[in-house]
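Trainee: Generate a structure from the sequence data that follows.
(one chain, ligands or ions: 2)
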Amino acid sequence: MSQVLAAIIPAPHAPVELRELPEPALERNSALLDVALSEVCGTDVHLQAGRLAGVPYPLIPGHVSVGHLSEIHGQMFDVNGRPFKEGDAVTFLDVHRTCHQCWHCLVAKASTRCPERKVYGITYGMKDGLSGGWAQKIYLKPATRCIRLASDSFERFMAGGCALPTALHAVERAEINLGDTVLVLGSGPVGLSAIILALLRGALKVLCIGAPENRLQAARTVGASDTLNIETHNEDERRQWVIDHTDKRGADVTIEATGAPAAVVEAMRFTRDTGRVCVVGQYTDHGEASFNPHLDLNRKHLDLRACWGSDFSHFYRGAQIMADAARSAPWTRLKLERYGLAQANEALTAVATGQAIKALIDPHA
Ligand SMILES: [Zn+2]
Ligand SMILES: [Zn+2]
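Mentor: Numbers count the residues shown, from 1 in each chain. Ligands and ions are numbered 1, 2, ... in the order given. Take a look at the predicted model:
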């Protein structure tokens, strides 16, 4: 039986280690994916820091990946009913097994809150097999939803990575209108994809407050008209900057993609009366923030929404956009840093410090 090299997080706070794992026997209607690229995102930093609940350590991180189907046992179909064949270039929805039977799935139509939901590289651990992208191969269990990609679009798709469906969901929830001025708080991968998608959705102008400077540079490169460094401006200065750039009203729509609780309050304060706020950055629990319900929310007649995870529709539409050369051009301007499996710890540091715009794992490097 051949061996597969994988990088694993053995336990919270422990450095990533290399392991050799046996190639699995395939169940009916399952496949092996030969991984071309996987990503390192903020979630992986949180996984290593033990900040996510319900994670079955040890695990192979890497929840969004691209590659070629190297072996298929039985049959797998795309959403249009066309069968996949060995050698096809694909990505796959990292969320596996939402149940389509529970109250969340069937009544609330909120599959991202399904309690049966399992995610490759996050809530599937090593005991579930080759279930993360920081490995030469991933075992795609039966009922995994694959999406076709062009072989030459791997880098472009991964420049968006998991941030692409997340930002697409946020922009959809934010209901941006033609001609809106949108404020994006945060210049990490989700913030950057949100800037591009807000413009695709018809925003006239997108402002971005974030850090560090290399990420703000990236924000301008993908279309932000103005940026402000949060590290060198206090809250009053930030609010004044937004006021100065929005005819003294505040943004029509603000998307919070930072992870800092206080940013949610700033999002409310920096948005105009009757505007909309969408919170997408609070993926882990960083504590509380306080606000004035009268001044910050009710009197402003504010529409405050939140957005959790993404579903197949966001992944699918994200892949469709990436297949369009003109629409996906902004993502090709983002600088990618590639790391081999043995450099996974360096990759995590580069992401945690904001040094890398987008870090990718190339398991064959
Ligand atoms: Zn369910
Ligand atoms: Zn991610």
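
Trainee: Compute the distance between residue 258 and ligand 2, please.
Mentor: 15 Å (C-beta to the ion, to the nearest Å). (C-beta placed from N, C-alpha, C; glycine too.)

Trainee: what residues does the stretch 51-200 of the chain put near ligand 1?
Mentor: Applying C-beta under 5 Å from the ion, we find that the stretch 51-200 of the chain lies next to ligand 1 at 99, 102, 105, 114.

Trainee: go again using 6 Å as the cut-off
Mentor: Proximity of the stretch 51-200 of the chain to ligand 1, by C-beta under 6 Å from the ion, involves residues 98-99, 101-102, 104-105, 114, 116.

Trainee: Can you pull out the residues in contact with the helix or strand of the chain with the lowest mean pLDDT?
Mentor: Lowest on mean pLDDT, DSSP states H and E among the helices and strands of the chain sits strand 95-96, with a mean of 90. For strand 95-96, the external contacting residues (C-beta atoms under 8 Å, 6 or more residues apart in numbering) are 111-112, 117-120, 124, 141, 143-144, 309-312.

Trainee: just to revisit the earlier point, as JSON lines, the residues of the stretch 51-200 of the chain next to ligand 1 with pLDDT, secondary structure and neighbour count would be great.
Mentor: Output for those, formatted as JSON lines (pLDDT from 0 to 100; DSSP: H, G, I helix; E, B strand; the rest coil; neighbours: other C-beta atoms under 10 Å):
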{"residue": "98", "pLDDT": "83", "secondary structure": "coil", "neighbour count": "21"}
{"residue": "99", "pLDDT": "86", "secondary structure": "coil", "neighbour count": "13"}
{"residue": "101", "pLDDT": "91", "secondary structure": "coil", "neighbour count": "10"}
{"residue": "102", "pLDDT": "93", "secondary structure": "coil", "neighbour count": "16"}
{"residue": "104", "pLDDT": "93", "secondary structure": "helix", "neighbour count": "18"}
{"residue": "105", "pLDDT": "91", "secondary structure": "helix", "neighbour count": "19"}
{"residue": "114", "pLDDT": "90", "secondary structure": "coil", "neighbour count": "22"}
{"residue": "116", "pLDDT": "87", "secondary structure": "coil", "neighbour count": "14"}
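
Trainee: which one of these sits closest to ligand 2?
Mentor: residue 98 (17.8 Å; C-beta to the ion).

Trainee: wait, what's in contact with the closest one?
Mentor: Contacts for residue 98 (C-beta under 8 Å, 6+ apart) come out as 105, 111-112, 114, 116-117, 311.

Trainee: 10 Å - rerun?
Mentor: 104-105, 110-118, 311-312 (C-beta atoms under 10 Å, 6 or more residues apart in numbering).

Trainee: hang on, the earlier thing: is ligand 2 within reach of the least confident helix or strand of the chain?
Mentor: No - using C-beta under 6 Å from the ion, strand 95-96 stays clear of ligand 2, with a minimum separation of 11.7 Å.

Trainee: Please renumber the chain so that the first residue is 28 from this point on.
Mentor: Got it, the first residue is 28 from now on, which makes the last one we talked about strand 122-123.

Trainee: Run me through the strand neighbours of that strand, direction for each.
Mentor: According to DSSP bridges, strand 122-123 forms sheet pairs with strand 145-146 (antiparallel).

Trainee: Tell me, how many residues neighbour the closest residue in space to residue 77 that isn't next to it in sequence?
Mentor: Closest residue in space to residue 77, ignoring its immediate chain neighbours: residue 39 at 2.6 Å, by C-beta to C-beta, 6 or more residues apart in numbering. By the criterion of other C-beta atoms under 10 Å, residue 39 has 14 neighbours.

Trainee: So what sits opposite residue 167 in the bridge?
Mentor: Residue 167 has the following beta-bridge partners by DSSP bridges: residue 58.
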